[in-house]
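Student: quick check, what structure comes out for this input:
(chains A and B)
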Amino acid sequence: DAGITQSPRHKVTETGTPVTLRCHQTENHRYMYWYRQDPGHGLRLIHYSYGVKDTDKGEVSDGYSVSRSKTEDFLLTLESATSSQTSVYFCAISAQRGLQYFGPGTRLTVL
Amino acid sequence: DQQVKQNSPSLSVQEGRISILNCDYTNSMFDYFLWYKKYPAEGPTFLISISSIKDKNEDGRFTVFLNKSAKHLSLHIVPSQPGDSAVYFCAAKLNAGNNRKLIWGLGTSLAVNP
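Tutor: Numbers count the residues shown, from 1 in each chain, chains lettered A, B, ... in the order given. I've put the predicted structure just below:
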């Protein structure tokens, strides 16, 4: 168990509302990631962080922002949720050599 | 353009037989390859990895083979068990400075039938 939690685990929201997902780690790892998983698309990187206040975009970053004010927390925000952002969101942390450990996921439904 | 390809979306095998999951890649700068297993409603879990300087890595029932000339790796599960039924993802890391990002395949769903 890599000590990663995600909250909430499930959320239903309406189009146009802001949503924030939280990832919390107890491992003190520098690198953290947000992915989304959709049928037929595998795991797609949204944003990642390589330290406090250091973040960068992944391959599907449009419509998402992130913040990392503490080593242990990495927040993913959907400023104005759309139905296309209905997905399962996974947070991951990176240990040695690119090996990543994943949280349990957040299932987000945007109506 | 998929740099890591898992061309079989699904695979079905009998319990006790060998499962072989395949993964092809296009970028010769990948230096580390990983396999993850994912059950429904859970996060992916690390299974086994291999460095590009090796051609085989074994961990219990799981063996990964790397053929660099063919840009191909495979995961062998012997013997397969019903609990191995899951989606398996192949991932690769670029050899580039402090890069820690992984490039992912789309996954292969393995069903092991009793």
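
Student: in the sheet, who's paired with the closest residue to chain B within chain A?
Tutor: Residue nearest to chain B within chain A: A:Phe102 (3.4 Å; Cβ to the nearest Cβ). Yep, even glycine has a C-beta here, placed from its N, CA and C like the rest. When bridges are called by DSSP bridges, A:Phe102 pairs up with A:Ala92.

Student: does it really touch B:Tyr39, like I thought?
Tutor: No - judged on Cβ atoms under 8 Å, A:Phe102 makes no contact with B:Tyr39 at a distance of 11.7 Å.

Student: neighbour count: the two, which is higher?
Tutor: Legend: neighbour count by other Cβ atoms under 10 Å in any protein chain shown for A:Phe102 and B:Tyr39, higher for A:Phe102 (22 against 12).

Student: and that one, what does it touch?
Tutor: A:2, A:4, A:90-92, B:43-45 (Cβ atoms under 8 Å, 6 or more residues apart in numbering or on different chains).

Student: and the two most separated of the residues you listed?
Tutor: The most widely separated members of the contacts of A:Phe102 are A:Cys91 and B:Thr45, with 14.0 Å between them, by Cβ to Cβ.

Student: between those two, which is the more surrounded one?
Tutor: Ranked by neighbour count (other Cβ under 10 Å), A:Cys91 and B:Thr45 place A:Cys91 first, with 27 against 13.

Student: tell me which element the residue nearest to the more buried one when sequence neighbours are not counted is part of?
Tutor: Nearest non-adjacent residue to A:Cys91, counting by Cβ to Cβ, 6 or more residues apart in numbering or on different chains: A:Cys23, 3.3 Å away. Per DSSP states H and E: A:Cys23 is located in strand A:19-25.

Student: elements contacting that strand?
Tutor: Strand A:19-25 is packed against strand A:4-7, strand A:10-13, strand A:31-38, strand A:73-78, strand A:87-94, strand A:106-110, with contacts defined by 3 or more Cβ pairs under 8 Å, 6 or more residues apart in numbering or on different chains; DSSP states H and E.

Student: what ranges of chain B fall below the confidence cut-off?
Tutor: Residues of chain B that meet the criterion pLDDT under 70 lie in B:98.

Student: now it against chain A: closest residue?
Tutor: Closest approach between chain B and chain A, counting by Cβ to the nearest Cβ: B:Gly43, at 3.4 Å.

Student: which residues touch that residue?
Tutor: By Cβ under 8 Å, 6+ apart, the residues touching B:Gly43 are A:4, A:90, A:92, A:102-105.

Student: in a markdown table: those residues, plus distance to B:Leu66 and pLDDT.
Tutor: Listed next are those as a markdown table, based on distance: Cβ to Cβ, whole Å; pLDDT from 0 to 100:
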| residue | distance to B:Leu66 | pLDDT |
| --- | --- | --- |
| A:Ile4 | 29 | 95 |
| A:Phe90 | 26 | 98 |
| A:Ala92 | 23 | 96 |
| A:Phe102 | 23 | 96 |
| A:Gly103 | 29 | 97 |
| A:Pro104 | 30 | 96 |
| A:Gly105 | 29 | 97 |
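
Student: right, I'll call it a day here.
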